[in-house]
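[1] Curious how this folds, go ahead:
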Amino acid sequence: QVQLAESGGGLVQAGDSLRLSCAASGGAFSEFAMAWFRQAPGKEREVVAHISWRGGHNTGYADSVKGRFTISRDNAKNTLYLQMNSVKPEDTAVYYCAARGIAPSTRPNHYPYWGQGTQVSVSS
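    Just a heads-up that it's a prediction; the model follows:
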């Protein structure tokens, strides 16, 4: 069991940078694969990035964010991050962090643990 809490969202302008954080508690954070998902109004939840457990040596990104976003984890701080650079209006969504055992996945229904989400709004 792990509890997740996102923070760092807000209203920014196109081209700005933003860093989201996801604080984990109640479980062995390093033993979980982690991911960031997002959901825009009227759209399905989609994966943004994922990272493997423990050392986080393996990462993956949606094509739409490759080269702009970076996922990372600090196991000593029980925290997952998403560094968002050169944001675009189409990045506007509620961003969620999610956890599952060992292997990451791009499918939302593979993740049993979710945070409450943080809103990111990008103006043009």
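
[2] Now do the strands in this protein.
    For the chain, applying DSSP state E gives strands covering 3-7, 10-13, 18-25, 32-39, 46-51, 59-61, 69-74, 79-84, 93-101, 113-114, 118-123.

[3] Identify each buried residue in stretch 52-69, please.
    Neighbour-count burial for stretch 52-69 flags 52-53, 56, 60-62, 65, 69 (criterion: 16 or more other CB atoms under 10 Å). In short, each C-beta sits where N, CA and C put it, glycine included.

[4] Export these as CSV, with columns for distance to residue 103 and pLDDT.
    Below are the buried residues of stretch 52-69 laid out as CSV (distance: CB to CB, whole Å; pLDDT from 0 to 100):
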residue, distance to residue 103, pLDDT
52, 7, 92
53, 8, 91
56, 13, 85
60, 11, 97
61, 17, 98
62, 18, 98
65, 21, 98
69, 21, 98
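
[5] Quickly check those for the two that are furthest apart.
    Within the buried residues of stretch 52-69, two members stand farthest from each other by CB to CB: 53 and 65, at 21.4 Å.

[6] On the strand side of things, show who the residue nearest the centre of the chain bridges to.
    The centroid of the chain falls nearest to residue 36 when counting by CA atoms, centre = their mean (2.3 Å). Going by DSSP bridges, residue 36 is paired in beta bridges with residue 49, residue 97.

[7] from memory it sits against residue 82, does it?
    Yes - the criterion here is CB atoms under 8 Å, and residue 36 meets it with residue 82 at 4.8 Å.

[8] Determine the residues that are contacts of both of those two.
    20, 22, 48-49, 71, 95, 97 (CB atoms under 8 Å, 6 or more residues apart in numbering).
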